[in-house]
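1. pasting the sequence and the predicted coordinates here, then a few questions.
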Amino acid sequence: MPNQMPNDRPTSRLEVESGSDYTVSFYLDFMNKRLRVDDYQGNVDAIYERIADVAKSHALTKVFIKSREQDWQSFLGKGCMLEGIYKGYFHGMDAYCMAFYYDLGRRSSDYWMEEDCILQQVLALSRKPVRPVIPEPFTLRLALLKDAEQLSHLYSQIFQTYPTPMNDPLYVAKTMQEGTIYYLVESQDELISAASAEINGKYANAEMTDCATLPAFRNKGLMRLLMHALEDELIARQITCAYSLSRALSFGMNAVFHQMGYGYYGRLTKNCDIYDKYEDMNLWAKTLIKP
């Protein structure tokens, strides 16, 4: 069994700052040594300067900005790189992932060519839009707050490290209380697979994340089953688009999203600490409801 994910590392902290001509909302993500800008308004020059100062002051090695369409070329002109596109992120309008780095090791991918080969194999697969039947003796259901302990145990079994402290039941419960929905698959009351959708109600999008299946139960279509259930829940809540960041080295998870009808929209270099190292993440997105 892999080592459990550490509990003692600081996690993310949301900051909202306003200057004379801008407002910016960002996460200081100490677990992954990055700063992530999810929203902003106003002067792009001032925003860029401020977040660069904040990142350097905390010795963070990666910054990425979810830029609006009218601003991404301005960020490009400041030295940022376009790593991917969150299709439909802002109420149907695209968000452009603009990144810059303060460490050469963080900037350089160790597995890019191998990941390209995996991606081409994934893209050659046929789509599978039809919802699979729940195989016996498994059961599928929406997770409840009381399931936080079981969920945290599942994640601690699967991942040596993870971008968020999902091995902590209090953290899992907190995400539920803040609006993240989880679906799970059980086999005779044993939790064997789970996934979640982290909802952004302001812009009607959701991140499909926290996907995990015990090794003995893989290749049974359980993750596609979970994705269908989550998508149905999101559509009922009028969420217009879903996206996911999948480990570029994982054939299985990338295959799930491709077969579910998600489009590939880029790769984020060494984006987060998962499976004991910083890994590149493929960006997949899908329109659920036309805005």
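-> Okay, I see it. Residues are numbered from 1 along each chain as shown.
2. per-residue confidence for A229?
-> If you check A229, the pLDDT there is 98.
3. whoops, A55 was the one
-> On the pLDDT scale, A55 is placed at 98.
4. next: Y162.
-> Here the pLDDT value assigned to Y162 is 87.
5. ok, P6 next?
-> Reported pLDDT for P6: 41.
6. how about the one 5 residues further on?
-> Among the per-residue scores, T11 holds a pLDDT of 62.
7. try P2
-> pLDDT, read off for P2, is 33.
8. tell me the mean pLDDT over whichever strand or helix holds M176?
-> Secondary structure from DSSP states H and E places M176 in helix 169-177. For helix 169-177, mean pLDDT rounds to 96.
9. stretch 111-129 too?
-> 97.
10. contacts for that stretch?
-> 109, 224, 248-251, 254-255, 258-261, 264, 267, 280, 282 (C-beta atoms under 8 Å, 6 or more residues apart in numbering). Every residue, glycine included, has its C-beta placed from N, CA and C.
11. hmm, back to that, what is the next helix or strand after the helix holding M176 packed up against?
-> Next helix or strand after helix 169-177 toward the C-terminus (DSSP H and E): strand 181-187. Helices and strands touching strand 181-187, by 3 or more C-beta pairs under 8 Å, 6 or more residues apart in numbering; DSSP states H and E, are strand 138-142, helix 148-158, strand 190-200, helix 222-236.
12. which residues does A216 contact?
-> Counting by C-beta under 8 Å, 6+ apart, A216 makes contact with I192.
13. how close does it get to S193?
-> Applying C-beta to C-beta, to the nearest Å, the value for A216 to S193 is 11 Å.
14. for A236, give its distance to I199.
-> 12 Å.
15. what about these two, which has more around it?
-> Remark: of A236 and I199, I199 carries more neighbours, 20 against 8, as counted by other C-beta atoms under 10 Å.
16. the closest residue to the more buried one other than its chain neighbours pairs with what?
-> Once flanking residues are discounted, I199 sits nearest to A206: 4.8 Å by C-beta to C-beta, 6 or more residues apart in numbering. Counting by DSSP bridges, A206 is bridged to I199, A242.
17. residues contacting A206?
-> Contacts of A206 (C-beta under 8 Å, 6+ apart): A197, E198, I199, N200, L230, L234, I239, C241, A242, Y243.
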